[in-house]
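**Q** fold the following, please.
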Amino acid sequence: KTFYYSLEMYRLIFKGTLEEEIPFICDCKESSWSLIFNGEAYNFKILQKNLQELGHIFSNLDSDGEVLAHLFAEYGESAIPMINGMFALVAINKSENKAIVARDKYGKKPLSYKFENNVLYFSSRLDSLLSDDCKVRSINRNFLIDFLNLGYGFDDASPIVGIENLKPGHFIHFDFDKVSESIQVKLWDRDYSLLDREKHSKSKLHNVLLEAVDIRVQKNVDKTALFLSGGIDSAIIAAILKKELGHDCEPFTFAPHDYEFSELEGAQSVCDNLGMELNVVRQNPTRNDFISMVAAMDQPFSDISIMPMHLVAARMATTNHRYALSGDGADEFFGGYTRYLSTKSLMKSTLPDNFQDKLGFILGKRKLLSRYVIDSLIGNKVSGGYLATITNVSPDDMRKILSSDMRDIYKNRQDEVQNDLEDILKVS
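**A** Numbers count the residues shown, from 1 in each chain. From the prediction side, this is the model:
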């Protein structure tokens with residue numbers, strides 16, 4: 001039986017002399033592999049050295065894609081957890097008519113796929129999967145409910161019926177003879193051992209941050225652009241770049257004159273302390289900015305911060321920067337938002353001590369975090385404080401704006417969570 005496949009990718013080139021053959025091919029170890037991916041393998045030089053010791057020969061020593069193709073030829077699916085980077089990749093074993101589709105641990109790069117008429121389609125952009133025919137597509141109503149309620153969909157939820165998103169930290173091993181039977185397999189579990197002891201954590205965290213920034217810096221670039229808000233994450237990156245790595249950094253921030261939530265003061269303070277000159281983007285968004293931003297988003301995204309980032313990235317591009325570093329997640333990881341502290345005090349005053357730990361377990365069980373979950377347990381006191389800040393539309397407003405059939409779906413989502421809560425509480 002003969003199988004046909006077509007692979008295509010575009011990549012940003014950091015070096016003008018870098019020429020890569022795409023797809024990345026490895027014909028060795030009595031097998032033949034082709035690979036494409038979106039993203040970057042930060043540790044490809046280390047992987048390359050290890051593979052060279054095993055006899056692999058590379059035509060381009062600066063190509064992380066070629067390294068990944070050889071890595072899969074050597075290790076198969078076991079290669080995936082060896083990659084330190086952000087990626088959505090597809091590796092095809094032409095010798096065995098099989099394919100591996102994988103996504104990085106935290107899902108920084110998207111990967112969608114569908115199976116129609118005995119054809120497997122995959123892409124790191126959802127719109128690519130909508131352009132193959134004139135078929136009318138249907139909106140995933142569960143996704144729409146969750147997006148209106150929370151501002152995002154969950155792990156593998158796609159806005160379009162018939163298209164799946166590969167979950168973060170998962171892969172699928174497709175056998176071309178039985179593609180439709182393939183399932184997603186989890187590769188990584190989150191490791192929170194870093195937080196076991198405060199003294200140990202501080203030392204280890206410093207080393208982790210230093211290594212993380214260092215491995216992402218393009219050493220062949222004279223100056224690294226940085227999204228700087230003045231918050232803890234981008235400030236740490238700026239300090240590591242400047243003070244510990246001695247790498248020149250050019251920070252950018254967004255601060256129009258009439259912008260309500262300007263972070264200029266914090267960003268300027270960081271620059272003053274590190275001796276850097278701050279680039280301030282002061283333009284107000286235009287209609288064309290909004291249109292180009294939506295076109296670039298690919299999938300629904302509810303955080304308004306996407307507009308400032310879009311405008312700052314556009315400014316960076318005019319200054320000949322080819323890449324930039326940014327920091328995300330520090331406030332979530334370290335509880336930096338004031339709403340965390342206020343919610344903690346509200347929970348202590350509302351719930352018995354022996355029930356507070358169960359609450360975290362319950363909410364993590366279904367991931368359908370919504371105001372009605374908390375309301376069913378402890379009423380509006382906490383939900384009004386914390387969940388109101390992360391819920392886009394209140395339950396009352398949801399019922400008003402939804403059609404009758406959508407209201408039924410919304411109620412079913414509520415009932416689904418409530419039943420899980422009751423089951424968990426019985427066991428607990």
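
**Q** break down the stretch 201-350 of the chain into its strands, ranges please.
**A** 223-227, 248-254, 279-281, 324-325 (DSSP state E, counting those that start in this stretch).

**Q** could I get the ones you listed as JSON lines with distance to F333 and mean pLDDT?
**A** Where C-beta positions appear, they are placed from N, C-alpha and C, glycine not excepted. Compiled in JSON lines, the strands of the stretch 201-350 of the chain are given as follows (distance: least, C-beta to C-beta, whole Å; pLDDT from 0 to 100):
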{"stretch": "strand 223-227", "distance to F333": "18", "mean pLDDT": "92"}
{"stretch": "strand 248-254", "distance to F333": "22", "mean pLDDT": "92"}
{"stretch": "strand 279-281", "distance to F333": "27", "mean pLDDT": "93"}
{"stretch": "strand 324-325", "distance to F333": "17", "mean pLDDT": "92"}
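
**Q** dump these to CSV, plus mean neighbour count and distance to I100.
**A** Formatted as CSV, the strands of the stretch 201-350 of the chain follow (neighbours: other C-beta atoms under 10 Å; distance: least, C-beta to C-beta, whole Å):
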stretch, mean neighbour count, distance to I100
strand 223-227, 21, 33
strand 248-254, 22, 37
strand 279-281, 17, 41
strand 324-325, 19, 29
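
**Q** could I get those as CSV with distance to S201?
**A** What follows is the strands of the stretch 201-350 of the chain, written out as CSV (distance: least, C-beta to C-beta, whole Å):
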stretch, distance to S201
strand 223-227, 25
strand 248-254, 27
strand 279-281, 34
strand 324-325, 23
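
**Q** nearest to V90, out of these?
**A** strand 324-325 (26.5 Å; C-beta to C-beta).

**Q** thinking again about what came up before, which of the strands of the stretch 201-350 of the chain sits closest to A102?
**A** Of those, nearest to A102 by C-beta to C-beta is strand 324-325, at 24.2 Å.

**Q** so which of the strands of the stretch 201-350 of the chain is nearest I80?
**A** Here strand 324-325 is closest among the strands of the stretch 201-350 of the chain (C-beta to C-beta), at 24.5 Å.

**Q** so what are the sheet partners of that closest one and their directions?
**A** strand 223-227 (parallel) (DSSP bridges).

**Q** what angle sits between the partner strand and strand 248-254?
**A** With axes from the mean of the first three to the mean of the last three C-alpha atoms, to 10 degrees defining the directions, strand 223-227 sits at 30 degrees from strand 248-254.

**Q** with adjacent residues omitted, what lies nearest to L89?
**A** Residue nearest to L89 in three dimensions, not counting chain neighbours: F37, with 3.6 Å by C-beta to C-beta, 6 or more residues apart in numbering.

**Q** hmm, that neighbour is touching F87, no?
**A** Yes - F37 lies in contact with F87 (C-beta atoms under 8 Å); the separation is 5.2 Å.

**Q** the two - which one has more neighbours?
**A** With neighbours defined as other C-beta atoms under 10 Å, F37 and F87 compare such that F37 has more, 27 against 23.

**Q** tell me which residues in stretch 293-300 are buried?
**A** Residues M293, Q299 are the ones in stretch 293-300 that count as buried (16 or more other C-beta atoms under 10 Å).

**Q** what lies in contact with it?
**A** P110, R125, L126, D127, F147, G153, P159, I306, M307, H310 (C-beta atoms under 8 Å, 6 or more residues apart in numbering).

**Q** before we move on, back to that, now the helix or strand harbouring the residue nearest to L89: average pLDDT?
**A** Using DSSP states H and E, F37 falls within strand 31-41. Here strand 31-41 scores 92 as its mean pLDDT.

**Q** and it, how far out from the chain's middle?
**A** Its chain's C-alpha centre and that of strand 31-41 lie 19 Å apart, by C-alpha atoms, centre = their mean, to the nearest Å.

**Q** quick one: strands adjacent to that strand?
**A** strand 24-28 (antiparallel), strand 85-93 (antiparallel).

**Q** among those, show me which one is buried the most.
**A** Neighbour counts (mean count of other C-beta atoms under 10 Å) averaged over each of the strands paired with strand 31-41 peak at strand 85-93, with a mean of 24.

**Q** what helices or strands is the helix or strand that that one is followed by leaning on?
**A** Counting by DSSP H and E, the next helix or strand C-terminal to strand 85-93 is strand 98-103. Judged by 3 or more C-beta pairs under 8 Å, 6 or more residues apart in numbering; DSSP states H and E, the packing partners of strand 98-103 are strand 85-93, strand 170-175.

**Q** residues contacting strand 98-103, please?
**A** 5, 72, 76-77, 80, 87-93, 109-111, 113, 120, 122, 166-176, 187.
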